[in-house]
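[1] Mind folding the following:
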Amino acid sequence: DMRHPGSTNMNRTIVLSTIKEEESTLSRSPGYTFNQAIDHMGIGCFQLKVAIVMGIFWMARVMELLLLTFLGPAIQCHFNLTDVEVALITTLPYLGYVLGSGLYGWLSNRYGTHRMLVISCFWVAVLGVGSGFSPNYYTLLALRFLIGVNVSCLSQAMTYYAELLPSSRRTKWMNYMQISWPIGSLFEATLALVILPSLGWRYLLFLTPVPMSVACIVFWFFPTSPSYLISKGDLLGAQRTLTRIARSNRKMLPQGHLISDEEYTPTETASRTETSESSADSETDPLIVRGNLSVKVKTLKRAEQVEGRPLRHLAGSFRNLFVPWRMGLTTLLLWTLWTVNGFVYYGIVLFTTEVLENELVVNGTCVDSFDGRDTECGLTTNDLVQVVWTSAAEVPGLLLTIFIMDKIGHRRTMFVEFFFATILFALLFICIVDKTIVMLVIFAIRGLLIGGATATFVFSVQIYPTHVRALGFGFCAGMAYIGAGITPFFAKVMLPASLFNGKLTYTIFSAIAPLLIVFFPYEPNKGKAMGEL
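    Model prediction:
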């Protein structure tokens, strides 16, 4: 005010005094980390909504993968394809998954899982419908490859979900989420049973992306992960999201203000010395008002440092998958384990269709090849029914995993399930005349493999710290797709030519899994934050 300069100065002095007093009060109040906030709020309405949407994403992922099992036999006669071309329609999408996993893992670390999931879902829906109009084999092949690139991002749905779970209940609730995998498998198998005999494979391609498209529209209104915002230095944005979660859960946030994990120390108390307030490291930004509370957000000159570099520069850094050396060993072992699991799991799925399409016994003698075997195109209705009930094997496998993982831990669960799957693979070498018994053995193998895969998944998500979790898990998923991309040439080409060689290959690969698990140096600790070992 030009007429009353003294009054203006006095008001300014009062405001500055008030701000200084408020800063002093807040600096003495305890801070809380993101994980502490999530643990404090527990499971509530928000997590349940996220679980439903993430579960549909997980269903959509397995539906797109299982679709390839039905697509190959369905189009073989339509396009007059060789066995190699049928194998390629499965392999090329998996190559897309491999490329997309690393790409979307990096993009998710840089730009957020929420944004990448929405983008990938849009393209899966568009390309899925487009593939149903494919005029020829090569157009279909190209579109399924592009779908593979974008479907790979759906794996990141679990990292979004896991970060919002309290540490003491994370393993159990992530196991509950895995039930959406067999539900998706059963849903796709049932959809194929209803659609293929009457409407054909094109309508199956049209309808498969529908559940994912609905979930994507709902997910658009969900917030960006607070953990991601913190890794980028946006504490205010993370605070707003945590407030939204608290309101949805009808819970209160802890007292104090949000701080980064690096800023927090276990010895931190509610009282902070004047020395720390005046240090260069604790410079503050202007006060940020949230409701009736003024929250002092520290600049992250100290809090965001890891090995002298800001977290925003470390996010998505490939090098951090291998530092320290035990993390590097864990990463390499996980990559190998995911590759083996993808190879064996999708191999047994494809082997199931081969068994259903062909006779195992001729004139009382077990055959060693399926050459010259096909008498009709595609899977019959009876074959599709059997695919449905073998897919149901994954439900008891997951329930077993949920039951034992909390009791014996991640690594022991993986070891036990992969070990017994190997034993059952070895049983397939016995000449079994009754095809029903063979299908029961396959039923048990699928249950054990999906259980082992679930334990591996939960282990992988929890083992990586926030700033490389999406990247680390993305590469793990990519390794599974490498195994899954290779397996069609063994299940669809080599195995029909020599059942002995095919069974031997899958038994050896299955035996590698428990051997790898013995050498894991880390076990995620129950009740601790993700990335704490």
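
[2] Please make it C-alpha for all contacts and neighbour counts, starting now.
    Noted.

[3] Tell me the pLDDT of the residue sitting nearest the centre point of the chain.
    Centroid check for the chain by C-alpha atoms, centre = their mean gives Ser155 as the closest residue, at 3.2 Å. Looking at Ser155, its pLDDT is 78.

[4] what's the answer for Ile259, then?
    76.

[5] Neighbours of it, how many?
    22 (other C-alpha atoms under 10 Å).

[6] Can you show me the helices along the stretch 151-300 of the chain?
    157-163, 170-177, 180-195, 201-207, 210-219, 226-231, 235-249, 274-278 (DSSP state H, counting those that start in this stretch).

[7] and the first one, what does it pack onto?
    Judged by 3 or more C-alpha pairs under 8 Å, 6 or more residues apart in numbering; DSSP states H and E, helix 157-163 is in contact with helix 45-78, helix 113-132, helix 435-463.

[8] how about those helices in CSV, adding mean neighbour count, mean pLDDT and distance to Ile348?
    Converted to CSV, these look like this (neighbours: other C-alpha atoms under 10 Å; pLDDT from 0 to 100; distance: least, C-alpha to C-alpha, whole Å):
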stretch, mean neighbour count, mean pLDDT, distance to Ile348
helix 45-78, 21, 85, 11
helix 113-132, 20, 90, 25
helix 435-463, 22, 84, 7
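
[9] looking at the ones you listed, which is closest to Pro396?
    Closest of the helices and strands packed on helix 157-163 to Pro396 is helix 435-463, at 6.5 Å (criterion: C-alpha to C-alpha).

[10] So, low pLDDT: which residues of this structure?
    1-30, 260-317, 356-379, 432-433, 466, 522-533 (pLDDT under 70).

[11] swap the cut-off to 50 and go again
    In the predicted model, the chain carries pLDDT under 50 at residues 1-3, 15, 19, 22-23, 25-27, 267-314, 375, 527-531, 533.

[12] can you give me how far stretch 446-466 is from the chain middle?
    9 Å (C-alpha atoms, centre = their mean, to the nearest Å).

[13] And stretch 346-355, by the same measure?
    The answer for stretch 346-355 is 24 Å, by C-alpha atoms, centre = their mean.

[14] Need the contact partners of it.
    For stretch 346-355, the external contacting residues (C-alpha atoms under 8 Å, 6 or more residues apart in numbering) are 69, 379, 383, 387, 439, 442, 445-446, 484, 487-488, 490-492, 496, 506.

[15] same thing but at 6 Å, please
    Contacts with stretch 346-355, where a contact means C-alpha atoms under 6 Å, 6 or more residues apart in numbering, come from 484, 487, 491.

[16] got those residues as CSV, with neighbour count columns?
    As requested, the contacts of stretch 346-355 are arranged in CSV below (neighbours: other C-alpha atoms under 10 Å):
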residue, neighbour count
Ala484, 29
Thr487, 27
Ala491, 28
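
[17] Quick check: buried residues in stretch 219-236?
    By 16 or more other C-alpha atoms under 10 Å, the buried positions in stretch 219-236 come out as 219, 223-236.

[18] The nearest residue to Glu394 once chain neighbours are set aside and Gly397, how far apart?
    In space, and not counting its chain neighbours, Glu394 is closest to Gly447: 4.4 Å by C-alpha to C-alpha, 6 or more residues apart in numbering. Distance, Gly447 to Gly397, using C-alpha to C-alpha, to the nearest Å: 4 Å.

[19] re earlier: ok, which pair from the buried residues of stretch 219-236 is furthest apart?
    Phe219 and Gly233 (23.8 Å).

[20] Tell me how far the host helix or strand of Leu515 lies from the chain's centre.
    Assessed by DSSP states H and E, Leu515 sits inside helix 499-518. Chain-centre distance of helix 499-518: 24 Å, with C-alpha atoms, centre = their mean.

[21] in it, what counts as buried?
    Those buried within helix 499-518 under the rule 16+ other C-alpha under 10 Å are 499-500, 502-507, 509-514, 517.

[22] for it, packing partners?
    helix 410-427 (3 or more C-alpha pairs under 6 Å, 6 or more residues apart in numbering; DSSP states H and E).

[23] Now do the helix it packs on and helix 435-463, the angle between them.
    160 degrees (axes from the mean of the first three to the mean of the last three C-alpha atoms, to 10 degrees).

[24] Just want the angle from helix 410-427 to helix 170-177.
    40 degrees.

[25] what distance separates helix 410-427 from the centre of its chain?
    Using C-alpha atoms, centre = their mean, the offset of helix 410-427 from its chain centre is 22 Å.

[26] which one is Leu95 nearest to, not counting chain neighbours?
    Gly485 (6.2 Å).

[27] Make sure that neighbour is indeed in a strand.
    No - judged by DSSP: H, G, I helix; E, B strand; the rest coil, Gly485 forms no part of a strand; its state is helix.

[28] burial of it, as a residue count?
    27.

[29] Distance check, it against Val340.
    From Gly485 to Val340 the distance is 11 Å (C-alpha to C-alpha).

[30] same thing with Gln462?
    Distance from Gln462 to Val340, by C-alpha to C-alpha: 20 Å.

[31] cool, Thr381 as well?
    In terms of C-alpha to C-alpha, Thr381 sits 32 Å off from Val340.

[32] quick one, the one helix or strand His40 maps to and helix 235-249 angle?
    His40 belongs to helix 34-41 when assigned by DSSP H and E. Orientation of helix 34-41 against helix 235-249 (the same axes, to 10 degrees) gives an angle of 10 degrees.
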